[in-house]
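Trainee: Okay, predicted coordinates and the sequence, questions at the end:
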2 protein chains.
Amino acid sequence: MNKLDKVNTIVIEKTLKLDCGKSISNFPIAYETYGKLNENKDNGILVFHALTGDQFASGINPVTKKEGWWSYAVGPGKAIDTNKYFVICANVLGGCMGSYGPSDINPENKKIFGTDFPVITINDMVNAQYELLDHLNIEKLFSVIGGSMGGMQVLQFISNFPDKSHTAIPIACTASHSAQNIALNELGRQSIMADSDWQNGFYEEKNKSPAKGLSVARMAAHITYLSKKGLQEKFGRKLQERDDLKFSFDADFQIESYLRYQGSVFVDRFDANSYLYITRAMDYFDLTKQFGGNLSKAFQKSNTKFFIISFTSDWLYPTAENREIVIALNSLGKDVGFVEIKSDKGHDSFLLDVPDFLSAVKNFLNTSYGKINEKRI
Amino acid sequence: MNKLDKVNTIVIEKTLKLDCGKSISNFPIAYETYGKLNENKDNGILVFHALTGDQFASGINPVTKKEGWWSYAVGPGKAIDTNKYFVICANVLGGCMGSYGPSDINPENKKIFGTDFPVITINDMVNAQYELLDHLNIEKLFSVIGGSMGGMQVLQFISNFPDKSHTAIPIACTASHSAQNIALNELGRQSIMADSDWQNGFYEEKNKSPAKGLSVARMAAHITYLSKKGLQEKFGRKLQERDDLKFSFDADFQIESYLRYQGSVFVDRFDANSYLYITRAMDYFDLTKQFGGNLSKAFQKSNTKFFIISFTSDWLYPTAENREIVIALNSLGKDVGFVEIKSDKGHDSFLLDVPDFLSAVKNFLNTSYGKINEKRI
């Protein structure tokens, strides 16, 4: 992958005890901010990214030179309006865009960690990002928001720090990673590990890269982000720059070229070991189990106002799994809104231009922000 | 893969013109029969296998030493009752269990074909198997039946030979391979091709085998054969022989070990190039396009009685796609029955012990066979 020489980074000068039992100290967290923190310091929104995201939520991503992963949602005048809110987005622990991860140097042997990096969890990710708030002088956030693995971080954040955010918007996520989703992540990991250039995770010190395996993992994941109907409407059986079948194993169909392209560009911006670590964190995520099988207990101490969003054609994190979070909050009489957005764009809907989704986020944020300020007056 | 020294084979002493434009001559088709052809020679049922099937539909498969792939359905007293019917099942063209395929010797250069084997289609497969009927002295079959790719062969067979079977049972299939299914097959192919031991398809002459790539392809496919609900009920988040997470990349969850096992046993019985060729044939299948966009025309000349079966939790070949075949037949006023079987077992339902499915097949066959004989009397 292409690496950046410099990203905005804070070194967390603390020791963080990880779920695996190991500890990390003085580790970097890379982050970006958008907009300005106001005088009351009450307009902060922490955005959590998904599996292959990074801190570049908006504007031009300096690695890909393309729009940030959430440019539809985050920016001046957009759903998460950076003229109004101060948006913070950090690269997760285990990531490959500047935060502490498997490409970093292991202080014990001065070699690149590779798979000697400790296995991390969503809980570890959230605890690391929490340290940013002190650094930014934010006592209490206005909101925490994220889709997919970002949504899992939202849930874990509120559970860990019940009084740290006025509102929370978990999108297209789950409180407990399903068997099918574990299976799909395992498929991605096995694809990477099957690449002989993976070298048991120590490819960097050998100047190798399991690009083919990572590319196949991305192709697999990409199929799951789209709906069957969406794929059929966008690609169907359209041929790629030809009038008839070629009777070969080249990319005859547009969907084949599309997937090959998605795989090939991904390896330029993402690290294979990070893919292993982050998918593992998702698979380990089971907030319900953390509270002895009773998800409600995760939110018992919090008065955060929730807004939960799912999409009709999302088969990775279907509405039923999102609704379980709503039910857990309802059973406590907590303040929770819920909407299932109609979209054929599958799980990817939260990243795309889905107007009903974007306006739902915008309205919830702006209405909630108004109410918080009313109370203060 | 493990190869058999000897299988029942007929050499087709003809030249078959393939869809790709090339021709093959004097090629082997491996097949098995179950039960006996009666005096009237009217009890023949041709069973078509799916992507990774073979001619060993019932009894013990001599390669895997396990029950044949359709042992729930085919056998004495079973849905396809071999006490009553004469069942024929042939390995498809391009396969790896004795029929002409990429592991055979190329007559032009006396080397193993590898990816020099011509790209074949469902139409080619069906035309090759048709030649078996003469050899077995069967003028007209009682039925043609198959699930998944086997169902596609049923549709193509009736289209090509409208008067060759009294009845037809396409199960869990489609008349036109969808974008999502092309994508999933392409994922499998890319996984094989990403394995450096694939050697551009010429691995056999180099004594190599892309076992890791093929194993990942199988894992990917296996996930798609099961439903989200079925996976959740069978595996959920159960751990594999341990009480707690291991914080490593070993198989912590049962679903992970299960998939790894499925991948590893598959490579012992299946050839990677055959996987490429057969998935390609599926992707190329578009019976609707063969008839200028009007699927009805495929069945216009036939008076075959159809019975179409789909499964509620099959997301690969969902009911909607099976229903399109029913609609095409209905529009011609043809004799067609249709049932959607309730099952949580996903696409795999047709291979498993799903009593409603098995009894539907049994009843349709026995009732239809009775009527044919009534007419004769």
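Mentor: Now that the structure is in, tell me what you want to look at. Everything quoted here is computed from the prediction, not taken from an experiment.

Trainee: interface residues of the stretch 101-250 of chain A facing chain B?
Mentor: With CB under 8 Å from any CB of the partner chain as the criterion, the stretch 101-250 of chain A comes near chain B at residues A:115, A:118-119, A:176-180, A:182-184, A:186-187, A:189-191, A:193-196, A:212-213, A:215-216, A:219-220, A:223, A:226, A:228, A:231-232, A:234-237, A:245, A:247-249. In this view, the C-beta of every residue, glycine as well, is placed from N, C-alpha and C.

Trainee: what's near enough to touch A:Asp344?
Mentor: A:Ser227, A:Lys229, A:Gly230, A:Glu233, A:Thr312, A:Ser313 (CB atoms under 8 Å, 6 or more residues apart in numbering or on different chains).

Trainee: same thing but 6 Å
Mentor: Applying CB atoms under 6 Å, 6 or more residues apart in numbering or on different chains to A:Asp344 gives the contacts A:Ser227, A:Lys229, A:Gly230, A:Ser313.

Trainee: My guess is the first one contacts A:Gly346. True?
Mentor: Going back to what we said before, that points to A:Ser227. Yes: A:Ser227 lies in contact with A:Gly346 (CB atoms under 6 Å); the separation is 3.7 Å.

Trainee: May I have the secondary structure class of the residue nearest the centre of chain A?
Mentor: Centroid-nearest residue in chain A, with CA atoms, centre = their mean: A:Ala50, separated by 1.3 Å. Of the three states, A:Ala50 takes coil under DSSP: H, G, I helix; E, B strand; the rest coil.

Trainee: Around the residue lying closest to A:Thr174 once chain neighbours are set aside, how many other residues sit close by?
Mentor: Among residues not flanking A:Thr174 along the chain, A:Glu321 sits closest, at 4.2 Å (CB to CB, 6 or more residues apart in numbering or on different chains). Applying other CB atoms under 10 Å in any protein chain shown, we find 20 other residues in the vicinity of A:Glu321.

Trainee: tell me which residues in the host helix or strand of A:Glu321 are buried?
Mentor: If you go by DSSP states H and E, A:Glu321 is part of helix A:319-330. Residues of helix A:319-330 classed as buried: A:Thr319, A:Glu321, A:Asn322, A:Glu324, A:Ile325, A:Val326, A:Ala328, A:Leu329 (neighbour count, 16 or more other CB atoms under 10 Å in any protein chain shown).

Trainee: all strands of the stretch 201-350 of chain A, in order?
Mentor: A:305-311, A:336-341 (DSSP state E, counting those that start in this stretch).

Trainee: Mind giving me the packing neighbours of the shortest one?
Mentor: Put plainly, it is strand A:336-341. strand A:305-311, helix A:319-330, helix A:355-376 (3 or more CB pairs under 6 Å, 6 or more residues apart in numbering or on different chains; DSSP states H and E).

Trainee: hey, least reliable of those by pLDDT?
Mentor: Between these, the one with the least mean pLDDT is helix A:355-376; it has a mean of 93.

Trainee: Next, the angle strand A:305-311 makes with that helix.
Mentor: Counting by axes from the mean of the first three to the mean of the last three CA atoms, to 10 degrees, helix A:355-376 lies at 180 degrees to strand A:305-311.

Trainee: In chain A, where's the longest strand?
Mentor: The longest strand of chain A (DSSP state E) is strand A:23-34.

Trainee: anything in that one near chain B?
Mentor: No: judged by CB under 6 Å from any CB of the partner chain, strand A:23-34 stays clear of chain B, getting no closer than 13.4 Å.

Trainee: With only the CA atoms kept, save that strand in CSV.
Mentor: Output of strand A:23-34 as CSV, limited to C-alpha atoms (Å, rounded to 0.1, in the frame of the first residue of the first chain):
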residue,chain,number,x,y,z
SER,A,23,-1.0,-3.4,27.4
ILE,A,24,0.1,-0.7,25.0
SER,A,25,1.7,2.6,25.9
ASN,A,26,2.6,5.8,24.2
PHE,A,27,0.9,4.9,21.0
PRO,A,28,-0.2,7.1,18.1
ILE,A,29,-3.8,7.8,17.2
ALA,A,30,-4.2,9.6,13.8
TYR,A,31,-7.2,11.9,13.4
GLU,A,32,-8.7,14.7,11.4
THR,A,33,-11.1,17.4,12.5
TYR,A,34,-13.6,19.3,10.3
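
Trainee: What's the mean pLDDT across it?
Mentor: Mean predicted lDDT for strand A:23-34 stands at 98.

Trainee: in the lowest-mean-pLDDT helix or strand in chain A, what counts as buried?
Mentor: Within chain A, no helix or strand scores below helix A:355-376, which has a mean of 93 by mean pLDDT, DSSP states H and E. Across helix A:355-376, burial judged by 16+ other CB under 10 Å covers A:Phe357, A:Leu358, A:Ala360, A:Val361, A:Lys362, A:Phe364, A:Leu365, A:Ser368, A:Tyr369, A:Ile372.

Trainee: Next, format these as TSV and append distance to B:Met125.
Mentor: Shown next, in TSV, are the buried residues of helix A:355-376 (distance: CB to CB, whole Å):
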residue	distance to B:Met125
A:Phe357	45
A:Leu358	49
A:Ala360	50
A:Val361	51
A:Lys362	54
A:Phe364	55
A:Leu365	57
A:Ser368	61
A:Tyr369	63
A:Ile372	66
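
Trainee: Reformat those as TSV; add distance to chain B.
Mentor: Below are those laid out as TSV (distance: CB to the nearest CB, whole Å):
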residue	distance to chain B
A:Phe357	23
A:Leu358	26
A:Ala360	25
A:Val361	27
A:Lys362	32
A:Phe364	29
A:Leu365	32
A:Ser368	33
A:Tyr369	37
A:Ile372	37
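
Trainee: Surely A:Ser196 is in contact with B:Ser196?
Mentor: Yes: contact criterion CB under 6 Å: A:Ser196 and B:Ser196 qualify, at 5.5 Å.

Trainee: And the buried ones among the residues of the stretch 101-250 of chain A next to chain B, selectable in PyMOL?
Mentor: Remark: buried members of these, expressed as a PyMOL selection using 16+ other CB under 10 Å:
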select buried, chain A and resi 115+118+119+176+177+178+179+180+182+183+184+186+187+189+190+191+193+194+195+212+213+215+216+219+220+223+226+228+231+232+234+235+237+245+247+249
